[in-house]
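[1] predicted model, plus sequence, below.
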Amino acid sequence: MRKKTKMIHGGITGDKATGAVSVPIYQVSTYEQDAVGQHRGFEYSRTGNPTRQALEAVTAELENGKAGFAFGSGMAAITSVMMLFNSGDHVVMTDDVYGGSYRLVTSVLNRFELDHSFVDSSQPEKVEAAIQGNTKALFIETPTNPLLKITDLRKMKEIADKHNLRLIVDNTFATPYWQRPLDVGADIVLHSATKYIGGHSDVVAGLVAVNDEQLAEDLHFIQNSAGAVLGPQDSWLLMRGIKTLALRMEAIEANTKKIVEFLENHEKVSTIYYPGRKNHPGHDTAASQATGFGGMISFDVGSEELAEKVISKVKYFTLAESLGAVESLISVPAKMTHASIPRDRRLELGIADGLIRVSVGIEDAEDLIEDLEQALED
């Protein structure tokens, strides 16, 4: 199946018992067994639920993986993946990583002596230099949040193979519609499905796909043991979101290109971060490993004061954390999504106080451009 067809017909579809076209919401915690220890595939919904199973099946198919897993949030997914490692292990991570991922490894997982190093993974030589004797994995986010830095996944695969490491990729910004890291050799791909995959600002969830059976068995053991599973209603909402993912991503990218063109010609915008621009660092790499550039733009207006003024004046952009929704969202990373990162570290990474991040929606592009234009006026 091609991508768009897979989003409609992939995984488990419908309900054979009733003929329902949509997979039912199995709002159930436990299941009757035919005899002691003899069940019909389900015994307890933490271990497995038919609605969640259908979502996990289509997740695996979309990423061309061996198995998929659905968690209660993107951070629950990341935490569960990190539980594959042991105390004393070391992970090399993209430096411009989501603030929640930074907080997890620096303030929670460090208590269990899981070590880490943050490096600019867009420079492979820095990744290789950070590898230690106890390094077990590379954790790559590409494109990154919020500076849209691009990491060459094929080069990361070469490094991972050379040092016998797991390659983990946060694919949230690209989605499986534009980019499939497992196809270039990643071991694990994960998403905050709250974002583009859900797409309607009505569900919090995380998804993971893996490329081999043993890894699937290990992650299922963690999922069942830790219990950070996604409920059946949220699983159903994600399946509904997946059916329109291709159409939404195409409409969002079309809008994004028009907004970028407007920003490029505005005197108050000093820097624009968008992988679709030919002068964006990593543009050629992004074009070689993904089929689209997505709907996230970050741009610098020079000062915290002007950024807050723009935020206060927009009408069609909703001031909110999160991204990937049908409605356009706007935020100031330094004060919102990346506030958990110390200011000196933010500035070192390039996350300036005047940086604005926009998640473009599916509204009329001209309305969005006019809204930004009036917000940037004196």
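    Great, that's in hand.
[2] shaky segments in the stretch 201-350 of the chain?
    Applying pLDDT under 70 to the stretch 201-350 of the chain flags no residue at all.
[3] and the helices in it, which stretches?
    Remark: helices assigned in the stretch 201-350 of the chain by DSSP state H, counting those that start in this stretch are 213-226, 232-243, 245-264, 283-289, 304-313, 343-349.
[4] would you turn these into CSV with distance to Phe85?
    C-beta here means a position set from N, CA and C on the backbone, and glycine is covered the same way. Shown next, in CSV, are the helices of the stretch 201-350 of the chain (distance: least, Cβ to Cβ, whole Å):
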stretch, distance to Phe85
helix 213-226, 11
helix 232-243, 27
helix 245-264, 31
helix 283-289, 26
helix 304-313, 38
helix 343-349, 24
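[5] what's the most buried one of the ones you listed?
    Most buried of the helices of the stretch 201-350 of the chain, by mean neighbour count (mean count of other Cβ atoms under 10 Å): helix 232-243, with a mean of 22.
[6] so who does Pro176 touch?
    Leu62, Glu63, Val189, His191, Leu245 (Cβ atoms under 8 Å, 6 or more residues apart in numbering).
[7] repeat the analysis, applying 10 Å as the threshold.
    Contacts for Pro176 (Cβ atoms under 10 Å, 6 or more residues apart in numbering) come out as 3, 6-7, 58-59, 61-65, 182-183, 189, 191, 196-197, 207, 209, 242, 245-246, 249.
[8] what do you get for Gly11?
    Gly11 touches 23, 53-62, 68, 239, 242, counting by Cβ under 10 Å, 6+ apart.
[9] which one's the longest strand in the protein?
    Across the chain, the longest stretch assigned as strand under DSSP state E is strand 135-141.
[10] now the helix or strand hosting Thr79: mean pLDDT?
    Here Thr79, judged by DSSP states H and E, is contained in helix 74-82. Helix 74-82 shows a mean pLDDT of 98.
[11] measure Ile150 to Ile369 for me?
    For Ile150, the distance to Ile369 equals 26 Å [Cβ to Cβ, to the nearest Å].
[12] cool, and Thr144?
    From Thr144 to Ile369 the distance is 25 Å (Cβ to Cβ).
[13] neighbour count: those two, which is higher?
    Thr144 (26 against 17; other Cβ atoms under 10 Å).
[14] show me what contacts the more buried one?
    Counted by Cβ under 10 Å, 6+ apart, Thr144 has contacts 94-98, 120-122, 150-151, 170, 173, 273, 282, 296, 298, 349.
[15] isn't Ile12 right next to Glu56, touching?
    Yes: between Ile12 and Glu56 there is a contact at 9.0 Å, judged by Cβ atoms under 10 Å.
[16] look at those two and report which has more neighbours.
    Per other Cβ under 10 Å, whichever of Ile12 and Glu56 has more neighbours is Glu56, with 25 against 17.
[17] if we can go back for a sec, helices and strands around the helix holding Thr79, which ones?
    Helix 74-82 is packed against strand 67-71, helix 99-107, strand 135-141, strand 166-170, strand 188-192, strand 206-210, helix 213-226, with contacts defined by 3 or more Cβ pairs under 10 Å, 6 or more residues apart in numbering; DSSP states H and E.
[18] distance to Thr135 and secondary structure added to the contacts of Gly11, as JSON lines?
    Below are the contacts of Gly11 laid out as JSON lines (distance: Cβ to Cβ, whole Å; DSSP: H, G, I helix; E, B strand; the rest coil):
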{"residue": "Val23", "distance to Thr135": "41", "secondary structure": "coil"}
{"residue": "Gln53", "distance to Thr135": "34", "secondary structure": "helix"}
{"residue": "Ala54", "distance to Thr135": "37", "secondary structure": "helix"}
{"residue": "Leu55", "distance to Thr135": "33", "secondary structure": "helix"}
{"residue": "Glu56", "distance to Thr135": "29", "secondary structure": "helix"}
{"residue": "Ala57", "distance to Thr135": "33", "secondary structure": "helix"}
{"residue": "Val58", "distance to Thr135": "33", "secondary structure": "helix"}
{"residue": "Thr59", "distance to Thr135": "28", "secondary structure": "helix"}
{"residue": "Ala60", "distance to Thr135": "27", "secondary structure": "helix"}
{"residue": "Glu61", "distance to Thr135": "31", "secondary structure": "helix"}
{"residue": "Leu62", "distance to Thr135": "29", "secondary structure": "helix"}
{"residue": "Gly68", "distance to Thr135": "27", "secondary structure": "strand"}
{"residue": "Met239", "distance to Thr135": "37", "secondary structure": "helix"}
{"residue": "Ile242", "distance to Thr135": "34", "secondary structure": "helix"}
